[in-house]
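Asker: Sequence first, then the predicted structure, then my questions.
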Amino acid sequence: MGVREDISSAMARDPAARSRAEVGLLYPGLHALWAHRVSSRLWRLGLRLPARMLSQFARFLTGIEIHPGARIGRRLFIDHGMGVVIGETAEVGDDVLMYHGVTLGGTSLRHEKRHPTVGDRVVIGAGATLLGPVVIGSDTLIGAGAVVLHDAPPHSLLVGVPAVVRPRRADADIARG
């Protein structure tokens, strides 16, 4: 996982990206991800207060809150990003595309797995909310504004409030580059 890979991922997924320099300097989703990598290392070393301080500073700068305990895969791209919240026990797979206003939130006050697990190559639309320890299979599309309260197998399409799980049609694809 590296800065170059992250920038390449953003360039491939955002048709508005004009240059690698623009992406590296101006994309808050990348800045939040980079800060998360540092805060996550601190968290795993037991340096919880500095980890939380860094994650909150990143939130202040980017409008994106990623708890240092969350596990984030490779090439996550948070497009626009403002208002994204990723909770402590969330797990996000590789090559996930997430739009602004997405919440991976918890529903329990217990010290247990309480946030979503998102598989690889999942697209999460703007304003979607995934609550509790739901498991979202790989290659799933989650529509804008969906409220996901139940697990979904791979290759699903989730839409509505609460979200209804449907098989994903082969032509319901988002270009990933």
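Answerer: Cool, the structure landed.
Asker: Buried ones in the lowest-mean-pLDDT helix or strand in the chain, by neighbour count?
Answerer: None of the helices or strands of the chain scores lower by mean pLDDT, DSSP states H and E than strand 164-167, at a mean of 85. Buried positions in strand 164-167, judged by neighbour count with 16 or more other Cβ atoms under 10 Å: residue 165. Placement of C-beta: from N, CA and C, glycine included.
Asker: In this structure residue 123 contacts residue 97, no?
Answerer: Yes. Contact criterion Cβ atoms under 8 Å: residue 123 and residue 97 qualify, at 4.7 Å.
Asker: The spatially most central residue of the chain pairs with what?
Answerer: Centroid-nearest residue in the chain, with Cα atoms, centre = their mean: residue 98, separated by 5.2 Å. Per DSSP bridges, the residues bridged to residue 98 are residue 78, residue 124.
Asker: Tell me if I'm right that it and residue 77 touch.
Answerer: Yes. With contacts counted by Cβ under 8 Å, residue 98 reaches residue 77, the gap being 7.2 Å.
Asker: what is in contact with these two at once?
Answerer: Shared contacts of residue 98 and residue 77, defined by Cβ atoms under 8 Å, 6 or more residues apart in numbering, are found at residue 29.
Asker: got the buried residues for the longest helix seen in the chain?
Answerer: Secondary structure of the chain read by DSSP state H shows that its longest helix is helix 28-44. Using 16+ other Cβ under 10 Å as the test for burial, helix 28-44 gives 28, 29, 30, 31, 32, 33, 35, 36, 39, 40, 42, 43.
Asker: same check, this time on stretch 108-124
Answerer: The neighbour-count check on stretch 108-124 (16+ other Cβ under 10 Å) flags 114, 115, 116, 117, 118, 119, 120, 121, 122, 123, 124 as buried.
Asker: Export that stretch to CSV, keeping only CA atoms.
Answerer: Output of stretch 108-124 as CSV, limited to C-alpha atoms (Å, rounded to 0.1, in the frame of the first residue of the first chain):
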residue,chain,number,x,y,z
SER,A,108,-24.3,-1.7,19.9
LEU,A,109,-22.6,-0.2,22.9
ARG,A,110,-20.8,-3.4,23.8
HIS,A,111,-17.1,-4.0,23.1
GLU,A,112,-17.6,-6.4,20.2
LYS,A,113,-17.7,-6.4,16.4
ARG,A,114,-20.4,-3.7,15.9
HIS,A,115,-19.6,-2.1,12.5
PRO,A,116,-20.0,-3.4,8.9
THR,A,117,-17.6,-5.6,7.0
VAL,A,118,-17.5,-4.6,3.3
GLY,A,119,-16.0,-7.0,0.7
ASP,A,120,-13.8,-6.2,-2.3
ARG,A,121,-14.8,-4.1,-5.2
VAL,A,122,-18.0,-2.7,-3.5
VAL,A,123,-19.5,0.6,-4.6
ILE,A,124,-21.3,2.5,-1.9
